[in-house]
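[1] Sequence isn't available, so here's the structure alone:
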């Protein structure tokens, strides 16, 4: 996968709420990613944001992590044993 997103924690800050919005919006446009959650706080006169992005991959595994579920070309879920 060429555009892996293994790290999904992001930090942003802006001088105003509008400025922070513009930064977040531009980041989404450039990175073509969605935010899973956002927390905005005012700190030292800045609007600061910690955001989680949706991971690019979700892997379903067995409890021991040795077996991985996959989806075939028809959209059926199966597990390699």
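    Looks like it arrived, so ask away. All values reported here derive from a predicted model rather than from experimental measurement.
[2] Quick check: the gap between residue 27 and residue 38.
    In this view, residue 27 and residue 38 are 11 Å apart by CB to CB, to the nearest Å. For every residue, glycine as well, the C-beta is placed using N, CA and C.
[3] quick one, what contacts residue 42?
    residue 48 (CB atoms under 8 Å, 6 or more residues apart in numbering).
[4] Assess the claim that residue 34 and residue 28 are in contact.
    Yes: using CB atoms under 8 Å, residue 34 is in contact with residue 28, at 7.1 Å.
[5] between these two, who's got more neighbours?
    Taking neighbours as other CB atoms under 10 Å, residue 34 and residue 28 compare with residue 28 leading, 14 against 8.
[6] so what pLDDT did that one get?
    With respect to pLDDT, residue 28 has a value of 93.
[7] Please identify which helix or strand holds it.
    Per DSSP states H and E, residue 28 falls inside helix 17-31.
[8] Name the next helix or strand downstream of that helix, please.
    From helix 17-31, the next helix or strand downstream (DSSP H and E) is strand 35-43.
[9] by how many degrees do that following strand and helix 17-31 diverge?
    Relative orientation of strand 35-43 versus helix 17-31 (axes from the mean of the first three to the mean of the last three CA atoms, to 10 degrees): 150 degrees.
[10] Flag every buried residue along whatever helix or strand comes next after strand 35-43.
    For strand 35-43, the following helix or strand on the C-terminal side (DSSP H and E) is strand 46-53. For strand 46-53, burial by neighbour count (16 or more other CB atoms under 10 Å) applies to 47, 49, 51, 53.
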